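Peer 1: Fold the stuff below for me.
(one chain, ligands or ions: 1)
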Amino acid sequence: MTPGVRPLIAGNWKMHGTLASVRELAEGVAAGTAPGADLLVCPAFVHLSPVAAALQGKAVALGAQDCHANPKGAHTGDVSAPMLADLGASFVILGHSERRADHGETDAEVRAKAEAGLASKLTPVVCVGESEAQRLAGEAEEVVAGQLTGSLPDGFAAAGGVVAYEPVWAIGTGRTPTEEDIAAMHARIRAELEKRFGQAGSTLRILYGGSVKPGNAKAILALPHVDGALVGGASLVAADFLAIAAAA
Ligand code: PEP
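Peer 2: I've put the predicted structure just below:
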């Protein structure tokens, strides 16, 4: 953790759930308590409204998993940042490795989307992370530094933007980097944020993501500059998600 920074535990529900199951999941999360962390859940676009209703008056923020770079227009199938804000979202995950892989999203596109999010007062959660081949080649830190340079817009720090370090090879695999490797990468990300944004970069939240579970959360969240977690699979079970939050 970074001293003085309140952790954020974010659930990425990806393309999972039915109307009934996401309502139940949201209600389960909202019924819990997490005195030591802020909570955020990010359902699929079509589930934003029912989840917003389930979270009404609760201390759980709502986020989306992507947005278009333009506020409106002829973009069939896409969803704009103003639409997300209108539904009650206050965060938007951007540049997740699944978006980068499935939709070929580039750093420049992620940056444009983050700018769109900021224009609608959404806090961007910008994801970065190396592939396994890049880590084995000793390139992980340089890859992530390059993604940060390319993906973060200038207004990122002033808006309290969030960075999520998610090694691609750790997502959904049950594998995690060593604690030393997580700490080293988070220290590098902190240094990059301070170089780019000055003092404001020293308190931005840097989340770790990739196979975070109740059993490993405490050790990971105790590492320096790990200011929370972006959780995929384990966020689909309210008790597991809350157990991770309790470890913060
Ligand atoms: C993710 O996709 O953001 C993620 C971290 O997934 P998981 O926790 O399942 O590895």
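
Peer 1: what does the chain put close to the ligand?
Peer 2: 12, 166, 171-172, 209-212, 230-234 (C-beta under 6 Å from any ligand atom). Yep, even glycine has a C-beta here, placed from its N, CA and C like the rest.

Peer 1: Turn those residues into a markdown table, including neighbour count.
Peer 2: Shown next, in a markdown table, are these (neighbours: other C-beta atoms under 10 Å):
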| residue | neighbour count |
| --- | --- |
| Asn12 | 26 |
| Glu166 | 27 |
| Ile171 | 20 |
| Gly172 | 13 |
| Gly209 | 26 |
| Gly210 | 26 |
| Ser211 | 22 |
| Val212 | 28 |
| Leu230 | 27 |
| Val231 | 27 |
| Gly232 | 21 |
| Gly233 | 18 |
| Ala234 | 20 |
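
Peer 1: Of all pairs in the residues you listed, which one is the farthest apart?
Peer 2: By the measure C-beta to C-beta, Glu166 and Ala234 form the most distant pair in the residues of the chain next to the ligand, at 13.8 Å.

Peer 1: Report the rounded mean pLDDT for the helix ranked longest in the chain.
Peer 2: Criterion DSSP state H: the longest helix present in the chain is helix 179-197. Mean per-residue pLDDT for helix 179-197: 98.

Peer 1: closest point of this structure to the ligand, which residue?
Peer 2: Closest to the ligand within the chain is Gly232: 2.1 Å, counting by C-beta to the nearest ligand atom.

Peer 1: Leaving out chain neighbours, which residue sits closest to that residue?
Peer 2: With sequence-adjacent residues excluded and distances taken as C-beta to C-beta, 6 or more residues apart in numbering, Gly232 is closest to Asn12, at 5.1 Å.

Peer 1: Perfect, I'm done here.
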